[in-house]
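In: Provided below are the primary sequence and the corresponding predicted coordinates.
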Amino acid sequence: MIKIVIADDHLIIRQGLRLILETENDFELVGEASDGAEALSLCKTLTPDVVLMDLRMPNMDGLTAIEKLRVEQPEVAVVILTTFNEDELMFRGLRAGAHGYLLKDTDRVTLFNTIRAAARGETLLKPEIMARVFARANAPKIVSDTTINLTDRELEILTSVARGERSKEIATHLGISERTVKAHLASIYSKLGVDSRAAAIAVAAHKGLLGSQVKR
């Protein structure tokens with residue numbers, strides 16, 4: 001079972017999500033929070049696998065809660081679920097460590113797939129979100145940060161991650177073991193100062209480390 005906490009200041013949104021999540025046998029809604037502070041408190045008590053986090057809430061907003069959760073309980077995956085379709089919020093959320101970024105008008109299949117991917121420790125971003133990441137990566141104003149020295153292999157793996165490939169898929173097409181892929185990812189995370197695939201993609205895009213070669 002995937003244990004889920006919902007953090008949203010609108011009761012009707014929480015009620016709607018509860019009804020949707022209850023249709024899946026592998027989901028268990030264990031708690032609901034009306035702001036970021038309450039979400040952090042529930043996570044300490046309930047140790048969920050995934051938190052569906054709104055961004056703009058009273059008392060403590062979602063971005064602050066994600067940053068604190070990353071430090072206090074890094075094993076809890078966060079999927080942002082918001083009405084705000086803003087690039088800067090998206091990048092800040094991914095850099096803070098979120099495993100996904102969804103708008104509240106998303107379809108249930110995408111929601112379910114994103115939750116399951118997050119519970120596995122993977123990042124699943126919709127094509128239109130990835131397109132915005134790539135657009136930012138290719139923007140003329142962004143220049144490569146020479147202080148981050150990724151090896152050719154690490155850049156290759158980072159590019160594959162940005163395409164949405166899993167570790168097993170990367171290992172297969174590069175002809176290396178999955179353990180080696182994970183070791184390279186650990187090195188990439190360390191160099192970028194992140195601890196998740198989504199954050200690595202966001203930071204790499206911001207620093208100009210991802211280019212047009214990401215697109216197939």
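Out: Sure, I can see it.
In: where does Leu125 land on pLDDT?
Out: Looking at Leu125, its pLDDT is 77.
In: can you tell me the helix or strand for it?
Out: Assessed by DSSP states H and E, Leu125 sits outside every helix and strand.
In: buried residues in the strand or helix carrying Gly31, which are they?
Out: Using DSSP H and E, Gly31 sits within strand 27-33. Buried positions in strand 27-33, judged by neighbour count with 16 or more other Cβ atoms under 10 Å: 27, 29-33. Yep, even glycine has a C-beta here, placed from its N, CA and C like the rest.
In: let me know the angle separating the helix or strand just after that strand from strand 27-33.
Out: Moving toward the C-terminus from strand 27-33, the next helix or strand (DSSP H and E) is helix 36-46. On the basis of axes from the mean of the first three to the mean of the last three Cα atoms, to 10 degrees, helix 36-46 is oriented at 130 degrees to strand 27-33.
In: who touches helix 36-46?
Out: Helix 36-46 has contacts (Cβ atoms under 8 Å, 6 or more residues apart in numbering) with 3, 5, 7, 30-33, 48, 51, 53, 57, 59-62, 64-65, 68-69, 72-73, 76.
In: beyond the lowest-mean-pLDDT helix or strand in the chain, next helix or strand please.
Out: Taking mean pLDDT, DSSP states H and E as the measure, the chain has helix 127-137 as its least confident helix or strand, at a mean of 67. Scanning forward in sequence from helix 127-137 by DSSP H and E, the next helix or strand is helix 152-162.
In: and that following helix, what's buried?
Out: 154-162.
In: so where does the closest residue to Gly193 other than its chain neighbours fall, helix or strand?
Out: Nearest residue to Gly193, sequence neighbours excluded (Cβ to Cβ, 6 or more residues apart in numbering): Val203, at 7.3 Å. Following DSSP H and E, one finds Val203 within helix 197-206.
In: report the angle between that helix and helix 152-162.
Out: Orientation of helix 197-206 against helix 152-162 (the same axes, to 10 degrees) gives an angle of 110 degrees.
In: okay, helix 197-206 in CSV with CA atoms only?
Out: Once non-C-alpha atoms are left out, helix 197-206 reads as follows in CSV (Å, rounded to 0.1, in the frame of the first residue of the first chain):
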residue,chain,number,x,y,z
ARG,A,197,15.9,13.4,-10.1
ALA,A,198,13.4,16.2,-10.4
ALA,A,199,15.7,18.6,-8.6
ALA,A,200,18.7,17.5,-10.7
ILE,A,201,16.7,18.2,-13.9
ALA,A,202,15.6,21.6,-12.6
VAL,A,203,19.1,22.7,-11.5
ALA,A,204,20.8,21.3,-14.6
ALA,A,205,18.4,23.2,-16.8
HIS,A,206,18.9,26.4,-14.9
